[in-house]
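>>> Sequence first, then the predicted structure:
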Amino acid sequence: GQNIDQPTEMTATEGAIVQINCTYQTSGFNGLFWYQQHAGEAPTFLSYNVLDGLEEKGRFSSFLSRSKGYSYLLLKELQMKDSASYLCAVERTNAGKSTFGDGTTLTVKP
Amino acid sequence: DGGITQSPKYLFRKEGQNVTLSCEQNLNHDAMYWYRQDPGQGLRLIYYSQIVNDFQKGDIAEGYSVSREKKESFPLTVTSAQKNPTAFYLCASTPRLSYNEQFFGPGTRLTVL
C-alpha cells in the first residue's frame, strides 16, 4: 500500500526560509515529485528526485533520502506569491503511476 | 502553444445524470491521466492511458468510464453510479508512462445538485 504524510498547514514570513517535509511508505518507489498548486488552479511541477541528496533550482531545493522514506522541499527568500499548496507525489514502480499526498498549505505573511 | 485543455471550467449537473468531461492535448504525449481532487486533499488517480485504445483503472475508478480513441483526447464520463461526484477533476499527460513530470490541464469543477 501507499502512505504519504505531509503537514496540513504552515505559515512563514516574507523573506524567510521554510522547509516542508514529506514522509512516505510505499511498496515500490521510482522517484518523488514536488508540485505547487495555487487555489483553484492546476498543479505545476517543481522538482523530481530519484537519487538521495539535494537538488537545487533557484529559490527552491528538494531533498530525498530513499532509505528513510523522507523528502523535503526548501523554499528560500519567501515571496507572497509562494502562498500555495505544495504536493508531494511518489512515483510507483508499477506502470509509472504516482500517489499524491494531501498537500501542505503554505501561507506567507508580510 | 502546446498544452492541455479541459472544458468547461465549471459544470453543473443534476443528480442521476451522466456527464462527460473533455481533455485534449497537443503535446504529442502518449500517456494521459484523470485525477479527482476534493477540498483539502491531494489528487487521486481515476484512470490512465499509456497508448491509444488502451486504458487502466486507477485507485478510484468505480462510477467513472473513459475512452482513448485518439492520442490527443481522453474524455472522462462521470456516471450516475458515482456516489459523490462533486469535485475538482484534473487531466494530465506525460510523454510516456513513468519517470516524467505531469503536465496538467486547468481542471473542471463539477457540481452535482
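That came in fine, so what should we check first? Numbers count the residues shown, from 1 in each chain, chains lettered A, B, ... in the order given.
>>> Any idea what the residue nearest in space to the middle of chain B is bridged to?
The structure's chain B has its C-alpha centroid closest to B:W34; by CA atoms, centre = their mean the separation is 3.0 Å. Following DSSP bridges, B:W34 is listed with bridge partners B:Y47, B:C91.
>>> repeat for A:A12
A:V108.
>>> Which residue ranges of chain B form strands?
B:4-7, B:10-13, B:19-25, B:31-37, B:43-51, B:54-57, B:64-66, B:76-78, B:87-94, B:103-104, B:108-112 (DSSP state E).
>>> do chain A as well
Under the criterion DSSP E, chain A contains strands at A:2-5, A:9-13, A:18-26, A:31-37, A:44-49, A:53-57, A:60-65, A:70-75, A:84-91, A:98-100, A:104-109.
>>> Please tabulate these in JSON lines, including the columns mean pLDDT, distance to B:L45 and mean neighbour count.
In this view, the C-beta of every residue, glycine as well, is placed from N, C-alpha and C. Conversion of the strands of chain A to JSON lines gives the following (pLDDT from 0 to 100; distance: least, CB to CB, whole Å; neighbours: other CB atoms under 10 Å in any protein chain shown):
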{"stretch": "strand A:2-5", "mean pLDDT": "85", "distance to B:L45": "11", "mean neighbour count": "16"}
{"stretch": "strand A:9-13", "mean pLDDT": "97", "distance to B:L45": "25", "mean neighbour count": "14"}
{"stretch": "strand A:18-26", "mean pLDDT": "95", "distance to B:L45": "14", "mean neighbour count": "18"}
{"stretch": "strand A:31-37", "mean pLDDT": "95", "distance to B:L45": "14", "mean neighbour count": "23"}
{"stretch": "strand A:44-49", "mean pLDDT": "94", "distance to B:L45": "17", "mean neighbour count": "17"}
{"stretch": "strand A:53-57", "mean pLDDT": "93", "distance to B:L45": "25", "mean neighbour count": "11"}
{"stretch": "strand A:60-65", "mean pLDDT": "97", "distance to B:L45": "22", "mean neighbour count": "19"}
{"stretch": "strand A:70-75", "mean pLDDT": "98", "distance to B:L45": "20", "mean neighbour count": "20"}
{"stretch": "strand A:84-91", "mean pLDDT": "94", "distance to B:L45": "10", "mean neighbour count": "24"}
{"stretch": "strand A:98-100", "mean pLDDT": "88", "distance to B:L45": "7", "mean neighbour count": "23"}
{"stretch": "strand A:104-109", "mean pLDDT": "97", "distance to B:L45": "20", "mean neighbour count": "17"}
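>>> related to what we said a few turns ago, is it possible to get JSON lines of the strands of chain B that adds mean pLDDT?
Listed next are these as JSON lines, based on pLDDT from 0 to 100:
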{"stretch": "strand B:4-7", "mean pLDDT": "94"}
{"stretch": "strand B:10-13", "mean pLDDT": "92"}
{"stretch": "strand B:19-25", "mean pLDDT": "96"}
{"stretch": "strand B:31-37", "mean pLDDT": "95"}
{"stretch": "strand B:43-51", "mean pLDDT": "93"}
{"stretch": "strand B:54-57", "mean pLDDT": "94"}
{"stretch": "strand B:64-66", "mean pLDDT": "97"}
{"stretch": "strand B:76-78", "mean pLDDT": "96"}
{"stretch": "strand B:87-94", "mean pLDDT": "95"}
{"stretch": "strand B:103-104", "mean pLDDT": "93"}
{"stretch": "strand B:108-112", "mean pLDDT": "94"}
